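Engineer: pasting the sequence and the predicted model now:
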Amino acid sequence: MPADTENSRLDAQIAASARVRRISAARARPFAARVRTFGCQQNEADSERLRGMLAEMGCSFTESDAEADIIIINTCAVREHAEAKVFGVIGALTHQKKAKPDMIIAVCGCAAQRPEFAERLRVTYGHVDLVFGTHALWRFPELLETALGGARRVFNTEPSDGEIIEGLPTLRDRKYTAWLPVMYGCDNFCAYCIVPYVRGRERSRRAENILKDARELIASGARDITLLGQNVNSYGNKSPNEPRFPQLLRDVAALDGDFLLRFMTSHPKDAGEALFRAMANSPKIAKCLHLPFQSGSDRVLGLMNRGYTRSRYLELIAAARELMPELVITSDVIVGFPGETEADFEETYSLIESVRFDSLFTFIHSPRAGAPSASLPDPVPRAEKQRRFERMTALQDEISAERHRAYIGKTLRVLITSESGDAAYPAQGRTDGNRLVRIAGVAAVGEFCDIKITGCNKWSLMGEIAV
Ligand code: SAM
Ligand code: SF4
Ligand code: F3S
């Protein structure tokens, strides 16, 4: 969509935003808003846009439900537990709404985009005033204005393939670290996953817009920038005029300024040597790769529709490590996919043993209505899945501890992200590999510092400023 058309589509939103701003200014106290975010970095990036729109509408912000005039719950649908948690939060707001009937409770994001979830809100959660899905995020000012009118509950959850709306205001809540979406949606349709149904088709932003945002982030003090997409390796695949992802990485890394560049998530079917070379050749690109493998069994990978084999995955890891011996590798894995046998699980277990990830995000398969795996026969009892899950996490805990211990005595470059309340370790930061480091000494927040690692526990490294 040409940029001028994109902007003209925002005209109605800008006008609605100005009207809400006037309503807010006419009150004894402007609207106080609270945005609560569940789910992944994509949702966090969306919440920064919601906050940006709220700020333009003249709202202040609060972290207290009791003080809030507008509460927005940005939801995740990836596992049943994520949705259950959100229903708990919404249910708990019933009393708040009774005490303050004029307040607006809004529910948005991935779960709100699911018809089953939206219907349950419509029928059972009458105190929710506004429900909008991922595709309607940019219409938030208009939707909020209607909800404030109070005549009716507002639902906007129509399915859509998705589009890109540039130019939305953004209010970041962290100064030194930043999310930078490069693409939206997903076309991979992994058999277990709801994301393609709630986020629409894969679409890439123009490189010029990404570079413009990156320049602004760097100028505003961001030192750790993460390029975001469900599968960043397919960036630009549908846009002949845009660079491929390794080139985009090089272009962003070539911008002036002292910053570190990360990206997530990479999909093994599209990752390869061009990506690893771009990483290896730029000191500004973090030597850190999140490469979800999901299962170590070729049979299960086939059922999951992942598009690679165990041996291909291991080849990728070997190629990446050959170019970057110190590379930090993290991953996602699902146990208990429908029909996973003990032998399939052993293949997953042995893959973890052989790759020795720095850390691993481990999940038990959660059936999602609409995703194909929800209708596959699933004979393995829950208790057995739990047993496999615990064996796997125990193995990874050992590996993570071993990896942490290996840092002791080394000096690492760390971005100091905040002060801590802990007198023994007054500052903390993140390494290139995204490990949390607690620092015994005073260090300037927002600066990169060389830190000598002196100790570790399961969750973090401890260190002191290197002399
Ligand atoms: N796009 C990324 C990719 O393909 O690796 C990940 C997206 S998803 C938001 C994050 C992780 O959630 C996935 O890598 C997968 O391990 C897990 N996940 C997704 N659907 C799931 C389900 N139905 N049950 C359990 N875990 C699931
Ligand atoms: Fe889900 Fe697969 Fe897309 Fe990742 S690549 S968001 S797991 S469908
Ligand atoms: Fe992310 Fe959850 Fe949506 S993981 S893309 S917020 S379903």
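Structural biologist: Yes, it's here. Numbering: from 1, shown residues only. Ligands and ions are numbered 1, 2, ... in the order given.

Engineer: which element, helix or strand, includes the nearest residue to Gly370 once chain neighbours are set aside?
Structural biologist: In this structure, Gly370 finds its nearest non-sequential neighbour in Tyr197, 5.3 Å apart by CB to CB, 6 or more residues apart in numbering. Bear in mind the C-beta positions are built from the backbone N, C-alpha and C, glycine included. For Tyr197, the host element (DSSP states H and E) is helix 195-199.

Engineer: in PDB, could you pull the C-alpha coordinates for that helix?
Structural biologist: The C-alpha coordinates for helix 195-199 follow below in PDB (Å, rounded to 0.1, in the frame of the first residue of the first chain):
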ATOM      1  CA  VAL A 195      -1.000 -17.900  15.400                       C
ATOM      2  CA  PRO A 196      -1.600 -18.000  11.600                       C
ATOM      3  CA  TYR A 197      -5.400 -17.900  12.300                       C
ATOM      4  CA  VAL A 198      -5.300 -15.000  14.600                       C
ATOM      5  CA  ARG A 199      -2.500 -12.900  13.100                       C
END
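
Engineer: so the residue nearest to Gly370 touches Pro115, yeah?
Structural biologist: No - using CB atoms under 8 Å, Tyr197 is not in contact with Pro115, being 9.7 Å away.

Engineer: show me which of the two is the more surrounded one.
Structural biologist: The residue with more neighbours, out of Tyr197 and Pro115, is Tyr197; 19 against 13, by other CB atoms under 10 Å.

Engineer: tell me the spacing between Gly58 and ligand 2.
Structural biologist: Per CB to the nearest ligand atom, to the nearest Å, Gly58 is found 36 Å from ligand 2.

Engineer: Ile71 too?
Structural biologist: 28 Å.

Engineer: and what of Pro283?
Structural biologist: Pro283 is 29 Å from ligand 2, by CB to the nearest ligand atom.

Engineer: residues near that residue, how many?
Structural biologist: Neighbour tally, Pro283, other CB under 10 Å: 10.

Engineer: so that it lines up with my notes, have the first residue be 14 from now on.
Structural biologist: In the new count, where the first residue is 14, that last one comes out as Pro296.

Engineer: need the per-residue pLDDT for it.
Structural biologist: For Pro296, the pLDDT comes out at 95.

Engineer: that one looks like it's in a helix, true?
Structural biologist: No - under the criterion used here (DSSP: H, G, I helix; E, B strand; the rest coil), Pro296 is coil, not part of a helix.

Engineer: hang on, the earlier thing: from the contact counts, what lies against the next helix or strand after the helix holding Tyr210?
Structural biologist: Counting by DSSP H and E, the next helix or strand C-terminal to helix 208-212 is strand 216-217. Here strand 216-217 touches strand 196-197, going by 3 or more CB pairs under 8 Å, 6 or more residues apart in numbering; DSSP states H and E.

Engineer: what strands line up against the strand it packs on, and which way round?
Structural biologist: If you go by DSSP bridges, strand 196-197 pairs up with strand 216-217 (antiparallel).

Engineer: residue contacts, the residue lying closest to Phe272 once chain neighbours are set aside?
Structural biologist: The shortest distance from Phe272 to any non-neighbouring residue, by CB to CB, 6+ apart, is to Arg236 (5.1 Å). By CB atoms under 8 Å, 6 or more residues apart in numbering, the residues touching Arg236 are Tyr189, Thr190, Asp271, Phe272, Leu273, Leu428, Gly459, Phe461.

Engineer: the third one and ligand 2, how far apart?
Structural biologist: So that's Asp271. In this view, Asp271 and ligand 2 are 32 Å apart by CB to the nearest ligand atom.

Engineer: so that residue sits in a strand?
Structural biologist: No - assessed with three-state DSSP, Asp271 is coil; it does not lie in a strand.

Engineer: how close does it sit to Leu336?
Structural biologist: The gap separating Asp271 from Leu336 is 24 Å, by CB to CB, to the nearest Å.

Engineer: next: Arg401.
Structural biologist: Separation of Arg401 from Leu336 (CB to CB): 33 Å.

Engineer: the two: who's more crowded?
Structural biologist: Just comparing Arg401 and Leu336: by other CB under 10 Å the higher neighbour count belongs to Arg401, 20 against 14.

Engineer: would you mind measuring from the more buried one to ligand 2?
Structural biologist: As defined by CB to the nearest ligand atom, Arg401 lies at a distance of 20 Å from ligand 2.

Engineer: quick one: the helix or strand in which that residue is found near ligand 1?
Structural biologist: According to DSSP H and E, Arg401 maps onto helix 395-419. No - applying CB under 6 Å from any ligand atom, one finds helix 395-419 separated from ligand 1 by no less than 10.8 Å.

Engineer: before we move on, back to that, who are the contact partners of the residue nearest to Gly383?
Structural biologist: Contacts for Tyr210 (CB under 8 Å, 6+ apart) come out as Gln126, Arg127, Gly383, Ala384.

Engineer: pLDDT-wise, what's the bottom of the residues you listed?
Structural biologist: Note: of the contacts of Tyr210, the lowest pLDDT belongs to Gly383, at 93.

Engineer: and that one, how far is that from ligand 2?
Structural biologist: According to CB to the nearest ligand atom, Gly383 and ligand 2 sit 12 Å apart.

Engineer: now the closest residue to ligand 3 within the chain. Its backbone dihedrals?
Structural biologist: Nearest residue of the chain to ligand 3, counting by CB to the nearest ligand atom: Gly52, 2.6 Å away. Phi and psi for Gly52, reported as degrees, to the nearest 10, are phi 100, psi -150.

Engineer: Ala90 now?
Structural biologist: Torsion angles, degrees, to the nearest 10, at Ala90: phi -120, psi 10.

Engineer: the residue of the stretch 214-363 of the chain found nearest ligand 2 sits in which helix or strand?
Structural biologist: Closest residue of the stretch 214-363 of the chain to ligand 2, CB to the nearest ligand atom: Gln243 (4.0 Å). For Gln243, there is no helix or strand it lies in under DSSP H and E.

Engineer: now for it: which residues touch it?
Structural biologist: Residues counted as contacts of Gln243 (CB under 8 Å, 6+ apart) are Gln55, Met196, Gly198, Cys199, Asn201, Val208, Arg212, Glu215, Thr278.

Engineer: who wins on neighbours among these?
Structural biologist: Met196 (26 neighbours).
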